[in-house]
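Visitor: Give me a 3D structure for the following:
(one chain, ligands or ions: 1)
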Amino acid sequence: MSKLTQRATSLQTLIMNPETILCHDNEQKYEGAVVPPIFQNSLFTFPDWETIENAFAAHQEHFIYSRGKNPTVDFAEKKIAEIAHAERAILFTSGMAAITAAILYCVKPNSHIITIKNVYGPTSNLMANYLKEKLNIETTFIYGDKVEEFRDNIRKNTVLIYLESPSSAVFGLQDLEAVALLAKENNIKTICDNTWATPLFQKPLDLGIDFEVHSVTKYLCGHSDLVAGVILGKEQEMKALFEREFKWLGGKIAPFEAWLLIRSLRTFPIRMQRHQENAMKVAQFLEQHPQIELVRYPGLPSFPQYELGKKQMSGYSGLLSFQLKTNDIEEIKTFYNALKMFHRGVSWGGFESLAYAPAISYLKELSPEQFANMGISLGDIRISVGLENAEDLIEDLRQAMHAKIKHRFYKIYTD
Ligand SMILES: Cc1ncc(COP(=O)(O)O)c(C=O)c1O
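Guide: Numbering: from 1, shown residues only. You can find the predicted model right below:
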């Protein structure tokens, strides 16, 4: 064993905190290179019949073909699994590929799913439309803030409870421990989309949830330069999932993207700390602003489920929303277009601050009443608070608010 390999192995015997795991953890075993190489190869070769035969016999432990295992992907998976307290992680080409694979693992034809009304849109469509058409699977959508609501909706054929806590639209929380317990009593599988809280601030698997899924595209990557997803869970089930939903559907992540992700993970804890600090400052500013009706941020004591959040999360990320005190679409547009620091765009979790108005997507399809039924209003603005200086971001929001007020006075004056 070389001295470098010895050092890498001895590191594994130390108990490490997330920051250390994400910076070191056995990376430097390739000639001492401080950053591990990208294994950009589709297949692996073997010296003889016997070695290839042995590799096939234990194919989940060996590198054979990169649609299965690849060393660069392996590095990234091990790091994410460690910080999430998972026995195993499997990376996918996108968050939706991971979500689809996890759901397909749990369901069967004619079965039933319970999920929340504000679950991520494509996940909702997958369950309500695609799975209904293809496999006759029924999905019940509930608010999900009370465990009794889950209990009341369990049917004989319920096989899955799919959670997203906090949800990325209105930040609704579900009591993960209580729902996991209820599901276990009824032999139902649970999946939690943990993208908002990240594996750093919330550990669904420790609370009894079977599978945790993420859009890695968001905070785990954090640099807005890759799209990826992950499923985390117990070894035995992940092994079964690897054989079928992973290998057969083929949604594997590319080695280069896994390598970018390893880069991202080194700064993940400090990035999350900064997102949290910035988001709290911005949320506090918005909360006291006279032009704001309401701020939705699980980290604010005024948030309706603040106590539940404190119980099951150890921190808060940077995605929040607020409601402008107006239903005048021209005024809302003026505010939105006046932002200078916040970019206008979808997605979230990157270094850059972003703003999005749900009215852009929904206005053409839904009436204001349907809009309100979803728990959002015309004046809602969702912001992803990035890593810039918080005071600069606040100043940007302040000046956009002034532009909105000026628009109102101009209208009153010219009407
Ligand atoms: C909460 C949530 N889950 C899952 C996804 C899907 O992830 P991806 O875009 O990486 O497929 C998203 C994407 O925005 C999301 O917001």
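Visitor: Could you give the bridge partners of whatever residue of the stretch 151-300 of the chain ends up closest to the ligand?
Guide: Closest to the ligand within the stretch 151-300 of the chain is Ser215: 3.0 Å, counting by CB to the nearest ligand atom. The C-beta positions use only the backbone N, C-alpha and C, and glycine is treated the same way. In this structure, Ser215 bridges to Gly229 when assessed by DSSP bridges.
Visitor: start the count at 39, not 1, going forward
Guide: Fine by me, first position is 39 from now on; the one you just mentioned is Ser253.
Visitor: any idea of the pLDDT on it?
Guide: Looking at Ser253, its pLDDT reads 98.
Visitor: That one and Gly210, how far apart?
Guide: Per CB to CB, to the nearest Å, Ser253 is found 17 Å from Gly210.
Visitor: now do Glu125
Guide: 29 Å.
Visitor: what's the answer for Thr236, then?
Guide: 17 Å.
Visitor: ok, now Thr110?
Guide: As judged by CB to CB, Thr110 and Gly210 stand 37 Å apart.
Visitor: same question, Thr305
Guide: 29 Å.
Visitor: tell me the contacts of the nearest residue to Ala266 once chain neighbours are set aside?
Guide: Distances taken as CB to CB, 6 or more residues apart in numbering place Val254 nearest to Ala266, at 3.9 Å, with adjacent residues excluded. Applying CB atoms under 8 Å, 6 or more residues apart in numbering, we find Val254 in contact with Leu129, Gly133, Leu264, Ala266, Gly267, Val268, Leu299.
Visitor: circling back to that earlier point, give me the more crowded residue out of Thr236 and Gly210.
Guide: Ranked by neighbour count (other CB atoms under 10 Å), Thr236 and Gly210 place Thr236 first, with 25 against 22.
Visitor: Now the residue nearest to Ala266. Its backbone dihedrals?
Guide: phi -70, psi -20 (degrees, to the nearest 10).
Visitor: The ligand contacts on this structure?
Guide: When proximity is defined as CB under 6 Å from any ligand atom, the chain approaches the ligand at 132-134, 158, 202, 206, 231, 233, 253, 255, 265, 267, 385.
Visitor: ok, of the residues you listed, which one's closest to Gly353?
Guide: Taking CB to CB as the measure, Gly353 lies nearest Thr233 of the residues of the chain next to the ligand, at 14.3 Å.
Visitor: Mind telling me which residue of the stretch 39-188 of the chain is nearest the ligand?
Guide: With CB to the nearest ligand atom, the shortest gap between the stretch 39-188 of the chain and the ligand falls at Gly133, namely 2.2 Å.
Visitor: Name the nearest residue to that residue, ignoring sequence neighbours.
Guide: Distances taken as CB to CB, 6+ apart place Ser253 nearest to Gly133, at 2.9 Å, with adjacent residues excluded.
Visitor: what about stretch 277-286, start to end distance?
Guide: One end of stretch 277-286 sits 13 Å from the other (CA to CA, to the nearest Å).
Visitor: Show me the contact partners of it.
Guide: Outside stretch 277-286, the residues that touch it by CB under 8 Å, 6+ apart are 98, 105-106, 126, 128, 130, 138-140, 142-143, 269, 271, 290.
Visitor: Sketch out the helices for the stretch 89-238 of the chain, chain order is fine.
Guide: For the stretch 89-238 of the chain, applying DSSP state H, counting those that start in this stretch gives helices covering 109-122, 133-144, 159-163, 169-173, 185-190, 214-223, 236-239.
Visitor: C-terminal to the lowest-mean-pLDDT helix or strand in the chain, what's the next element?
Guide: Scoring the helices and strands of the chain by mean pLDDT, DSSP states H and E places helix 41-50 at the bottom, with a mean of 54. Next helix or strand after helix 41-50 toward the C-terminus (DSSP states H and E): helix 56-61.
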